[in-house]
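Student: would you be able to build a 3D model of this:
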Amino acid sequence: MEHLNKVHFIAIGGSAMHSLALALHRKGLQVSGSDDAIYSPSKEALEASGLLPHAMGWFPEKILADLDAVILGMHARKDNPELVEAQKKGLSIFSYPEFIAKITEHQTRVVIGGSHGKTTITAMVLHVLKQSDIEVDYLVGATVQDYDHSVELKGTADFVVLEGDEYLSSPIDLRSKFLWYTPQIALLSGIAWDHVNVFPTAESYTQTFDAFVNSITPGGVLVYQEADAPLVDLVDNNSNTIRKEPYGKVDCTVINGQTFLQTDEGPIPLQVFGEHNMQNLAGAQWICQLMGVDAEEFNHAISSFRGASGRLELLAAGNTSLAFRDFAHAPSKVKATTQAVAQQFDNKQLCAGFELHTFSSLTSEFLDEYKQSLQPADQAFVYYDPEALIQKNRPAIAPETIQQAFDHPNLSVLTSREELSHYLRQLEVSEWVFLLMSSGTFGGVSFEELMAKIKSA
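Tutor: Numbering: from 1, shown residues only. Sure thing, here's the model as predicted:
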């Protein structure tokens, strides 16, 4: 986009929105924004850059006629006063994926998508590229080691690496975000029905991935997970004139809780583990190869990859016990993460905790998708806040319904902060591994006492 100088964000406090705002600010643009509520860590990051709105709320007077672009976040409503004013003035209004597509149109776009693993794969690719001194622009949904930001759009790199999300673009643009990117290189990690408020059936969810494959530039490349049956079926039946390359998982062994990558140069210790991460690693290797990184370079670089923030992240470690947290919320993610920890630490007992937090997970018709997802755990708990159901206008869910849906023989269903706190206090920690999975905060309950017990065990 030429002559881009002044940009205003409606709903600037969102995770992706505030990161994009900060990237444009670093680029030298004049950035303003509004929101009705902004929380940590977005609040602190915007404040440090002087972009935090002086007052919360919507102010049509901020929508000046000389704005070059107005970027609209999903948090805003169709009748948002600032949006209405921008429409009245005939200003250029974009969702953030549409805006990114516009400003990266002269770069080679690499898009990583899929129902699970896309953040980790994107982070793996970025880590290897950094180690190989290859400059790229990027957008990723988590903090990545050795990168100061989750969005960088300088416009000087040949490649831009984008995590591709299948959720809606904006309140007035109901297509999936990743359909804007028209990549030359793409990866899909798998398809597992999610976001039931947008995709009411598994078929409608799969259709948006088919549209993504169709959006790949003719002559481009799609790398896809060969073990995912719905994805393989989709790819086999898609007629886009692209190169299609399947991937599986890398060759590895686990010795005394340590995973080693098997290479021609010998075994290389990894800092990530689990079958799903070995699949993620194989996909990342394909993408890096397509971007000019050979196998030896990749193997050397990936050995220092510690994972994306919040993805199987080590919280505490003692002599006999450990604790991890993971962003897992969809059934396929919960199952893969629980299985990974159980297999990696098969000499210890596993306690897996999961928060029902998203719209999909709090839908009673969707709960059966979680059946036996916690099965590898010796002990498990599911926490949800009935108040969240009221806020999301969802009908109440009985604890017995959750018990039946998860089908775990040793599952506790907890419905209040007090119940969760009591449950945590009575846990034994010696020779246990603890796994905490949520896209939320477990109602703000503190795990510090549990972490302290683990470190001293």
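Student: and residue 248, how many neighbours?
Tutor: 12 (other Cβ atoms under 10 Å). Every residue, glycine included, has its C-beta placed from N, CA and C.
Student: for the residue lying closest to it once chain neighbours are set aside, give its distance to residue 186.
Tutor: Nearest residue to residue 248, sequence neighbours excluded (Cβ to Cβ, 6 or more residues apart in numbering): residue 226, at 5.4 Å. To residue 186, residue 226 is 15 Å away according to Cβ to Cβ, to the nearest Å.
Student: which of the two has more residues huddled nearby?
Tutor: Neighbours were counted for residue 226 and for residue 186 using other Cβ under 10 Å; residue 186 has more, 27 against 15.
Student: can you tell me the SS state at the more buried one?
Tutor: The local conformation at residue 186, judged by DSSP: H, G, I helix; E, B strand; the rest coil, is strand.
Student: I figured it hits residue 113, correct?
Tutor: Yes: contact status for residue 186 versus residue 113: in contact at 6.9 Å, counting by Cβ atoms under 8 Å.
Student: tell me, what's touching the two both at once?
Tutor: 164, 212 (Cβ atoms under 8 Å, 6 or more residues apart in numbering).
Student: count of residues packed around residue 385?
Tutor: Count around residue 385 with other Cβ under 10 Å applied: 21.
Student: contacting residues for the residue nearest to residue 75 when sequence neighbours are not counted?
Tutor: Nearest residue to residue 75 in three dimensions, chain neighbours excluded: residue 11, at 4.0 Å (Cβ to Cβ, 6+ apart). For residue 11, the contact set (Cβ under 8 Å, 6+ apart) comprises 17, 33, 34, 35, 72, 73, 74, 75, 76.
Student: reformat those as CSV; add pLDDT and distance to residue 440.
Tutor: CSV is the format used below for the contacts of residue 11 (pLDDT from 0 to 100; distance: Cβ to Cβ, whole Å):
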residue, pLDDT, distance to residue 440
17, 96, 19
33, 98, 24
34, 98, 25
35, 97, 19
72, 98, 25
73, 96, 19
74, 91, 17
75, 89, 16
76, 94, 22
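Student: what's the host helix or strand of residue 314 packed up against?
Tutor: Following DSSP states H and E, one finds residue 314 within strand 313-317. If you count contacts as 3 or more Cβ pairs under 8 Å, 6 or more residues apart in numbering; DSSP states H and E, strand 313-317 packs onto strand 322-326, helix 448-456.
Student: now do that strand against strand 322-326, angle only.
Tutor: 160 degrees (axes from the mean of the first three to the mean of the last three Cα atoms, to 10 degrees).
Student: re the thing from before, please pick the buried ones from the contacts of residue 11.
Tutor: Buried by 16 or more other Cβ atoms under 10 Å: 17, 33, 34, 35, 72, 73, 74, 75, 76, out of the contacts of residue 11.
Student: in the host helix or strand of residue 121, which residues are buried?
Tutor: For residue 121, the element it lies in under DSSP H and E is helix 118-131. Within helix 118-131, the residues that qualify as buried are 118-131, counting by 16+ other Cβ under 10 Å.
Student: pLDDT on that helix, on average?
Tutor: Helix 118-131 comes out with an average pLDDT of 96.
Student: can I get that helix as PDB, trimmed to CA atoms?
Tutor: Only the C-alpha atoms of helix 118-131 are listed here, as PDB (Å, rounded to 0.1, in the frame of the first residue of the first chain):
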ATOM      1  CA  LYS A 118       0.200 -24.000  13.700                       C
ATOM      2  CA  THR A 119       1.600 -21.700  16.300                       C
ATOM      3  CA  THR A 120       4.400 -24.200  17.200                       C
ATOM      4  CA  ILE A 121       5.200 -24.900  13.600                       C
ATOM      5  CA  THR A 122       5.400 -21.200  12.800                       C
ATOM      6  CA  ALA A 123       7.600 -20.600  15.900                       C
ATOM      7  CA  MET A 124       9.900 -23.500  14.800                       C
ATOM      8  CA  VAL A 125      10.300 -22.000  11.300                       C
ATOM      9  CA  LEU A 126      11.000 -18.600  12.700                       C
ATOM     10  CA  HIS A 127      13.600 -20.000  15.200                       C
ATOM     11  CA  VAL A 128      15.400 -21.900  12.400                       C
ATOM     12  CA  LEU A 129      15.400 -18.800  10.100                       C
ATOM     13  CA  LYS A 130      16.800 -16.700  12.900                       C
ATOM     14  CA  GLN A 131      19.600 -19.200  13.600                       C
END
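Student: let's number from 36 now, not from 1
Tutor: Will do, 36 is the new start, and the previous item becomes helix 153-166.
Student: for it, what is the distance to the chain centroid?
Tutor: 13 Å (Cα atoms, centre = their mean, to the nearest Å).
Student: dump the residue contacts of the residue lying closest to residue 122 once chain neighbours are set aside.
Tutor: In space, and not counting its chain neighbours, residue 122 is closest to residue 128: 7.0 Å by Cβ to Cβ, 6+ apart. Applying Cβ under 8 Å, 6+ apart to residue 128 gives the contacts 104, 105, 106, 107, 118, 121, 122, 207.
Student: is it true that the third one touches residue 131?
Tutor: Yes: using Cβ under 8 Å, residue 106 is in contact with residue 131, at 5.6 Å.
Student: residues in contact with the top helix by length along the chain: which ones?
Tutor: When the chain is parsed with DSSP state H, its longest helix is helix 310-325. Here helix 310-325 makes contact (Cβ under 8 Å, 6+ apart) with 145, 147, 151-152, 155-156, 159-160, 163-164, 167, 220, 222, 224, 256, 258, 260, 262, 280, 282-285, 287, 294, 296, 305, 307, 330, 332-333, 337, 347, 371-372, 374-375, 378.
Student: could you pull up the mean pLDDT of it?
Tutor: Helix 310-325 comes out at a mean pLDDT of 96.
Student: list the buried residues in the helix or strand just after it.
Tutor: Once the chain leaves helix 310-325, the next helix or strand it forms, by DSSP H and E, is helix 330-337. Within helix 330-337, the residues scored as buried using 16+ other Cβ under 10 Å are 332, 333, 334, 336, 337.
Student: what's the separation between residue 459 and residue 309?
Tutor: For residue 459 relative to residue 309 (Cβ to Cβ), the value is 24 Å.
Student: tell me, how many residues neighbour residue 376?
Tutor: 24.
Student: not counting its neighbours along the chain, what's nearest it?
Tutor: residue 470 (5.0 Å).
Student: before we move on, back to that, and the helices and strands packed on strand 348-352: which comes nearest residue 230?
Tutor: Set against residue 230 and scored by Cβ to Cβ, those come closest in strand 357-361, at 18.9 Å.
Student: quick one: mean pLDDT over that closest one.
Tutor: The model assigns strand 357-361 a mean pLDDT of 95.
Student: what does the helix or strand just after it contact?
Tutor: Using DSSP H and E, the helix or strand that follows strand 357-361 in sequence is helix 366-379. Residues outside helix 366-379 that contact it (Cβ under 8 Å, 6+ apart) are 150-151, 225, 227, 289, 292, 294, 308-312, 347, 359, 361-363, 385, 387, 389, 404-405, 407-412, 468, 470, 472.
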